[in-house]
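# Using only what follows, build the 3D model:
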Amino acid sequence: MSGWFITFEGPEGAGKSTQVKLLAPWLEAQGREVVLTREPGNGGWLGVEVRRLVLLSEPMSPEAEYLLYSADRAEHVRRVIAPALAAGKVVLCDRYLDSSLAYQGYGRGLDLGWLRAVAVGVTQGLKPHRTFLLDLPPEVGLARFAGRDRLEREPLEFHQRVRAGYLELAKAEPQRFVVLDATQSPEAIQAELRSHLSTLLR
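This is a model prediction of the structure:
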């Protein structure tokens, strides 16, 4: 039995983590086994180190940044995501490959073709069954934080490119992406998520 791979994407401050945590008990109440995970950081000890390097270190080249994320992603897929899916579980993942395409591609200006070529081997070709994009203006999301990490401290123009990139990705794959208005209340967003998943997992 194969499980379901559901990812959550969006700019800083969109509320992805909150929504994932709210969804898990709802799915479990329906008899689903659920795995909550995130990128970067859930690829074991390597993921912990990658998260520290890319979010808390000094600036680095866009290429190095992407390859560090990719190293974490390779471990994450093999150690966490693929085994859970093989066991028939629902995997709720806070960020995945689309984050790299939006941040390192559209945000940093790296070639999307190269990013995707690297990702094929890294992810074993594993794509989400559904991706929820929590969309909101970057100035709204950034106002919710005080520049805690290196990405959050990037200029507004960078985050505007990231948001535009996400919307381009969603437009290119409408069968996979569901775009939600993240300026709504958390309760309203959660209701929309549950409605979509009720249909998908039926």
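
# make it CA atoms for all contacts and neighbour counts henceforth
Fine.

# Flag every buried residue along the biggest helix by length in the chain.
The longest helix of the chain (DSSP state H) is helix 156-172. The neighbour-count check on helix 156-172 (16 or more other C-alpha atoms under 10 Å) flags 158-167, 169-170 as buried.

# Could you single out the nearest of those to Leu193?
Lowest distance from Leu193 to the buried residues of helix 156-172 (C-alpha to C-alpha) belongs to Ala170, with 16.3 Å.

# unless I'm mixing things up, that closest one is touching Ala164, no?
No - counting by C-alpha atoms under 8 Å, Ala170 stays clear of Ala164, with 10.0 Å between them.

# any idea of the pLDDT on Arg202?
For Arg202, the model assigns a pLDDT of 82.

# How about Arg108?
With respect to pLDDT, Arg108 scores 96.

# For it, grab the count of nearby residues.
19 (other C-alpha atoms under 10 Å).

# one step back: for the buried residues of helix 156-172, which one is nearest Tyr69?
Val162 (16.4 Å).

# now the closest one: how far from Asp135?
Distance of Val162 to Asp135, given as C-alpha to C-alpha, to the nearest Å: 11 Å.

# go on, Leu193?
13 Å.

# neighbour-wise, which of these two wins?
Shown here are Leu193 and Asp135; by other C-alpha under 10 Å, Asp135 has more neighbours (23 against 17).

# quick one, what contacts that one?
Applying C-alpha atoms under 8 Å, 6 or more residues apart in numbering to Asp135 gives the contacts 10-11, 14, 163, 179-183.
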